[in-house]
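Undergrad: sequence plus predicted model, see below.
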Amino acid sequence: MYKIRLHEFEGPLDLLLFFLKRDELDIYDIPISKITKEFMDYLHLLEKLDLEVAGDFILMAATLMQIKVKMLLPKEIDEKGEEIDPRAGLVKALIEYKRYKEMSEEMSFMESSMRKHNYRVNFDEDSKQAPNDYEVLLKNITIYDLIKAFKNALLDRPAEPVHQIKKWNVSIDDQINFINSKIKDNKSVSFLDLMIEMREKIRIVVTFIAMLEMVKAGTIGLRESINLNDFIIYGIANG
Amino acid sequence: MDNIYNSVIEALIFASDDPIAPAEIITAIKALDGLDTEITDDEVENAVNELNVKYEQNGHAFTILKIAHGFIHATKHDHAKYVGYLSSEKTRRRLSQAALETLAIIAYKQPITKPELESIRGVNSDYTLNTLLEKNLITISGRAETVGRPLLYVTTDEFLKYFGLRVIGDLPKPREIEEIMKDEDFLEQKRRIMMSGIEEKAEEEEIQSEHELINELEPEDEIENENTVE
C-alpha cells in the first residue's frame, strides 16, 4: 500500500502561514491574488489525491476570493475617514493563530523536557484495588467523566432477549399420509429415496418417527436393501 | 522552623501520589504537632530547596519538582532512557500538533468556548477537544452566559504536571505582534536545534511502534511536521 506524506497542515491558516513564510511575504501586505492562486492549487492537489477537502479550507478559499474582489473595488472608509484594508481581518486572524502556534512549539519543548522525568508512582492499579473511601474514589472525577459514564450506562444496557420461534409445518400424521401415498398400490420405496427431497432436518426426523409408528401399527414392513446401507419400506395389506 | 521538619516534608512528598501542595503539608504537620506550630509556605519551600541541594550534593537520581501547585519526586533527565526502557514511558505518546495548538489556545484564553477556539484555529476541533478531555489535560468548567450557553473549557492540574508548570502563570508569555514580525530567523534556528533532539526520540519511538502496532490508526503521534510539501 502506498503511503503519501504531505506536510501536515493543521488548517487553512496554517497553510497560509506556510505560503507566507516560504515566499518571505509581508504579512501586512499579502499579495492576495498570488496567495489565492496558491491556495486553490493546493485544494486541487488534495482533490486529485482524492482526499476529502475539509469545509474549513473551502471557507478560506471563499474568504480569499471575497477579499480579492474587494481589493478591486473602491475602498470602504471607516469613521475616521481612513481606508479599510479588506485584508485586515485575515491578517489579524493569521497573527493571532501564529501566536498560539508558536506557543504550541514552546509547549512541545516543555513536553519533551518533562517526558524525561519519571514519577515515583507508576502503579495506578494500587489505589484501584483498594479503594478505601469515597474521597479516593471520586478524586479525579470531572463532569466529563460523569457524562461519559452516563453514556456508557445507556449503551451498555442489556438488550431485551429476543427468541425466534419458527413453526415447522410438519406433523407425524402428515408424514404417515406421505409414506402411505408412496407405498400405495403395492409399491415399495427405499428409505433414502423417501428422504431425498427433504431439506430440513426436522422433516427427516418426523418422517422417521412416522415410519416407526407405522411399523409399530403393523401397516408397513421393512427389509434390508441389497446394498445394506438402506432399507426398503413396503406396505402390509390390512387383514 | 526546625530542620527536623525537612525529613517530615520529604516523607510527605515521597508518599504522595500527586504533587502535594504546601498547604497540605502544613495541615498535616499542624494536625499532629499542634496548631501553634510555626511553619509557613515559604519555610516549606525552603525545606524543598534544601532537600534538592542535598540530593544534588549526594548525587541522588531524583529531585523534587515544583509543579502543579505542589511538590513531587521525580527521576532526573539523565536517567530517562533507562527508566523509559522498563517503564510504560516508552508507550507514552506525544501530543499531536493539533492537540498542542488547541492546548496553547485554551491555556492562554481560558475559560474558552469551542466556537472561540475554532475561530482562532480556523478548523473544526471536536476530535482534538475530546482527546484532550480523555487525557484529562482540559476539563469543562461550566457554560458561557451567551447565546446557546456553550461549554467552557479550562486546563487542569494534570496539564500543569504534564508541562512541568507550577501555576498557569508560569507559561511563557506569548510574544507581542511586533515581536513576532522580527526574530523570524532566530526562532527558526532555535526550533531547528530543538527539533533535532525531538526527532532522535521520535525515530526511536517509530521503530518501536512499528514493531508493536503496525496497523494502529493514530495520526496523533507524528512529529515530523517539518518535512516539506514540494
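TA: Good, I have the coordinates.
Undergrad: out of the helices and strands in chain A, which is least certain?
TA: The helix or strand of chain A with the poorest confidence is helix A:125-129; it has a mean of 43 (mean pLDDT, DSSP states H and E).
Undergrad: could you pull out the buried residues of stretch A:109-124?
TA: Going by neighbour count (16 or more other C-beta atoms under 10 Å in any protein chain shown), the buried part of stretch A:109-124 is A:109-112, A:114-119. (Each C-beta comes from the backbone N, C-alpha and C, glycine too.)
Undergrad: those residues: which ones sit near chain B?
TA: A:109-112, A:114-119 (C-beta under 8 Å from any C-beta of the partner chain).
Undergrad: dump these to CSV, plus secondary structure, distance to residue A:233 and pLDDT.
TA: Shown next, in CSV, are these (DSSP: H, G, I helix; E, B strand; the rest coil; distance: C-beta to C-beta, whole Å; pLDDT from 0 to 100):
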residue, secondary structure, distance to residue A:233, pLDDT
A:109, helix, 90, 89
A:110, helix, 89, 90
A:111, helix, 84, 89
A:112, helix, 86, 87
A:114, helix, 86, 88
A:115, coil, 83, 85
A:116, coil, 87, 85
A:117, coil, 87, 86
A:118, coil, 83, 83
A:119, strand, 83, 84
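Undergrad: make a markdown table out of the residues you listed and add distance to residue A:173.
TA: Shown next, in a markdown table, are these (distance: C-beta to C-beta, whole Å):
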| residue | distance to residue A:173 |
| --- | --- |
| A:109 | 87 |
| A:110 | 85 |
| A:111 | 80 |
| A:112 | 83 |
| A:114 | 82 |
| A:115 | 80 |
| A:116 | 84 |
| A:117 | 84 |
| A:118 | 80 |
| A:119 | 79 |
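Undergrad: which of those sit farthest apart?
TA: Greatest spatial distance among these (C-beta to C-beta): A:109 and A:119, at 19.9 Å.
Undergrad: tell me where chain A has helices.
TA: A:12-22, A:32-48, A:55-72, A:88-114, A:125-129, A:134-137, A:143-155, A:172-183, A:191-195, A:201-217 (DSSP state H).
Undergrad: wait, which of these is closest to residue B:172?
TA: Across the helices of chain A (criterion: C-beta to C-beta), the nearest stretch is helix A:88-114, sitting at 5.2 Å.
Undergrad: which positions in that closest one come out as buried?
TA: In helix A:88-114, the ones that count as buried by 16+ other C-beta under 10 Å are A:90-91, A:93-94, A:96-112, A:114.
Undergrad: and stretch B:123-134, by the same measure?
TA: Of the residues in stretch B:123-134, those buried (16+ other C-beta under 10 Å) are B:123, B:125, B:128-129, B:131-133.
Undergrad: same question for stretch A:222-234.
TA: Under 16+ other C-beta under 10 Å, the buried positions of stretch A:222-234 are A:232-233.
Undergrad: identify all residues paired with the closest residue to residue A:188 other than its chain neighbours through a beta bridge.
TA: Distances taken as C-beta to C-beta, 6 or more residues apart in numbering or on different chains place residue A:234 nearest to residue A:188, at 3.9 Å, with adjacent residues excluded. Here residue A:234 sits in beta bridges with residue A:188, residue A:221, as judged by DSSP bridges.
Undergrad: hmm, residue A:234 is touching residue A:221, no?
TA: Yes - at 5.5 Å, residue A:234 and residue A:221 qualify as touching, with contact defined as C-beta atoms under 8 Å.
Undergrad: before we move on, back to that, could the helices of chain A be laid out in a markdown table, adding distance to residue A:226?
TA: Below are these laid out as a markdown table (distance: least, C-beta to C-beta, whole Å):
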| stretch | distance to residue A:226 |
| --- | --- |
| helix A:12-22 | 86 |
| helix A:32-48 | 75 |
| helix A:55-72 | 79 |
| helix A:88-114 | 86 |
| helix A:125-129 | 73 |
| helix A:134-137 | 79 |
| helix A:143-155 | 64 |
| helix A:172-183 | 18 |
| helix A:191-195 | 13 |
| helix A:201-217 | 20 |
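Undergrad: now residue A:188: how far from chain B?
TA: In this view, residue A:188 and chain B are 64 Å apart by C-beta to the nearest C-beta, to the nearest Å.
Undergrad: quick one: pLDDT of that residue?
TA: Looking at residue A:188, its pLDDT reads 82.
Undergrad: that one - how many residues pack around it?
TA: Neighbour count of residue A:188, defined by other C-beta atoms under 10 Å in any protein chain shown: 16.
Undergrad: quick one, what contacts it?
TA: When contacts are counted by C-beta atoms under 8 Å, 6 or more residues apart in numbering or on different chains, residue A:188 touches A:232-235.
Undergrad: shaky segments in the chain?
TA: Let's take chain A. For chain A, the stretches with pLDDT under 70 are A:1-8, A:50-54, A:121-140, A:237-239.
Undergrad: hm, I was asking about chain B
TA: B:1-2, B:87-92, B:175-230.
Undergrad: can you give me the strands for chain B?
TA: Secondary structure of chain B (DSSP state E): strands located at B:62-67, B:70-75, B:112-113, B:138-143, B:151-155.
Undergrad: most tightly surrounded among those strands?
TA: strand B:70-75 (a mean of 23; mean count of other C-beta atoms under 10 Å in any protein chain shown).
Undergrad: before we move on, the earlier item: gap between the residue nearest to residue A:188 and residue A:219?
TA: According to C-beta to C-beta, to the nearest Å, residue A:234 stands 11 Å off from residue A:219.
Undergrad: what does residue A:110 give?
TA: Taken as C-beta to C-beta, the span from residue A:110 to residue A:219 is 94 Å.
Undergrad: with residue A:40 instead?
TA: 90 Å.
Undergrad: looking at the two now, which is surrounded by more residues?
TA: Set residue A:40 next to residue A:219 and count neighbours by other C-beta under 10 Å: residue A:219 wins out with 16 against 13.
Undergrad: let me see the contact set for the closest residue in space to that one that isn't next to it in sequence.
TA: Nearest residue to residue A:219, sequence neighbours excluded (C-beta to C-beta, 6+ apart): residue A:236, at 6.0 Å. Residue A:236 makes contact with A:218-221 under the criterion C-beta under 8 Å, 6+ apart.
Undergrad: buried stuff in stretch B:31-45?
TA: Here stretch B:31-45 shows B:39, B:43-44 as buried, counting by 16+ other C-beta under 10 Å.
Undergrad: show me those residues that map onto helices.
TA: Using DSSP H, these in helices are B:43-44.
Undergrad: how far away is the most centrally placed residue in chain A from residue A:149?
TA: Note on chain A: the residue nearest the mean C-alpha position is residue A:155, at 15.8 Å, using C-alpha atoms, centre = their mean. Residue A:155 sits 11 Å away from residue A:149, taking C-beta to C-beta as the criterion.
Undergrad: how about residue A:55?
TA: 32 Å.
Undergrad: residue A:194 now?
TA: Computed as C-beta to C-beta, the residue A:194 to residue A:149 distance reads 62 Å.
Undergrad: tell me which of these two has more neighbours.
TA: Taking other C-beta under 10 Å, residue A:194 and residue A:149 do not tie; residue A:194 has more neighbours (20 against 11).
Undergrad: how about the contacts made by the more buried one?
TA: Residue A:194 neighbours (C-beta under 8 Å, 6+ apart): A:179, A:182, A:207, A:233.
Undergrad: wait, the second one touches residue A:190, no?
TA: No - look at residue A:182 against residue A:190 with C-beta under 8 Å: they stay out of range, at 10.1 Å.
Undergrad: lovely, talk soon.
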